[in-house]
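Q: when you get a sec, could you give me coordinates for this:
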Amino acid sequence: MTQMRVLNNYISVDCVIFGFDFDKLNVLVVERTLTNDDGVVDFSDLTLTGNHIFEEETIVEAADRILFDLTGLADIYLEQFKTFASPDRLKKENDRKWLLHDGRDPDKRIVSIGFFALLATQKVTLEWKGRNIKWLPVDEVKSLAFDHNLILEEALKALRSKLLHEPIGFELLPDKFTLSQLQKVYEIILDTTFDKRNFRKKVARMKYLIPLNEKQQGVAHKPAQLYLFSREVYEKTRKEILNFLV
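A: Take a look at the predicted model:
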């Protein structure tokens, strides 16, 4: 006999899924719609991807499950970045309605563990999992449900810090890429602009950035030299942290 899985009503996981498309930084949002007993929509808004954990799950297992359940994405890197436990985090009117409709007490504190991930949107096909999901440019996000604006803000800080200290940006590039493509990754995610010459001086110190004896093919402009990222070299030199903001 299959044992029924029991949700923990007081511990949840929220996943901030960032999507990069070489034009802007996006975040994955989920449509939340509450319909009353007469079939009339009471309200509709947006949330981050998240849900409660099952009692037998670890936090990481819950994050993986929640992401797959809402997007169809599996084996995606997620990093835990912060816990959100303010007693006032679920006090907005629509949030209280949502919890009551779901049979939960809106006056009880719910603790949420935040995770973030960074994906190349062109490599991802979102799957319908019963709720509308979409990419929304980070700078176009307005009011999200619960305290998800705060969670998004903190996730963005964590992502930018990670980008400065670890080579996660290379995951967004083709296996062979140009320095202009690399600069675009850092500029869009960090929301800044780098002088081309100064940027190239900085990346020249990246021993794990390997120049190839190859150039771009089939481009209208002068073909640029191609590079690749060496994970092996990075692991040997990872103590050498670069700060692109100085």
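
Q: buried stuff in the worst-scoring helix or strand of the chain on mean pLDDT?
A: Here the helix or strand of the chain ranked lowest by mean pLDDT, DSSP states H and E is helix 231-237, holding a mean of 86. Using 16 or more other Cβ atoms under 10 Å as the test for burial, helix 231-237 gives Y234. C-betas here are computed from N, CA, C, even on glycine.

Q: what's the following helix or strand after the strand of greatest length in the chain?
A: Longest strand in the chain, counting residues (DSSP state E): strand 7-20. Downstream of strand 7-20, the next assigned helix or strand under DSSP states H and E is strand 25-35.

Q: within the sheet, what are the partner strands of that next one, with directions?
A: The strands that strand 25-35 pairs with in its sheet are strand 7-20 (antiparallel), strand 41-47 (antiparallel), strand 133-137 (antiparallel) (by DSSP bridges).

Q: for D21, which non-adjacent residue is spatially closest?
A: T121 (4.5 Å; Cβ to Cβ, 6 or more residues apart in numbering).

Q: averaged pLDDT, the longest strand of the chain. What do you get?
A: On average, the pLDDT along strand 7-20 is 93.

Q: equivalent analysis for stretch 42-60, please.
A: Mean predicted lDDT for stretch 42-60 stands at 93.

Q: buried stuff in it?
A: Within stretch 42-60, the residues scored as buried using 16+ other Cβ under 10 Å are D45, L46, T47, L48, T49, G50, N51, H52, I53, E57.

Q: need these in a markdown table with distance to L34, can you?
A: Converted to a markdown table, the buried residues of stretch 42-60 look like this (distance: Cβ to Cβ, whole Å):
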| residue | distance to L34 |
| --- | --- |
| D45 | 9 |
| L46 | 13 |
| T47 | 12 |
| L48 | 17 |
| T49 | 18 |
| G50 | 17 |
| N51 | 16 |
| H52 | 17 |
| I53 | 23 |
| E57 | 26 |
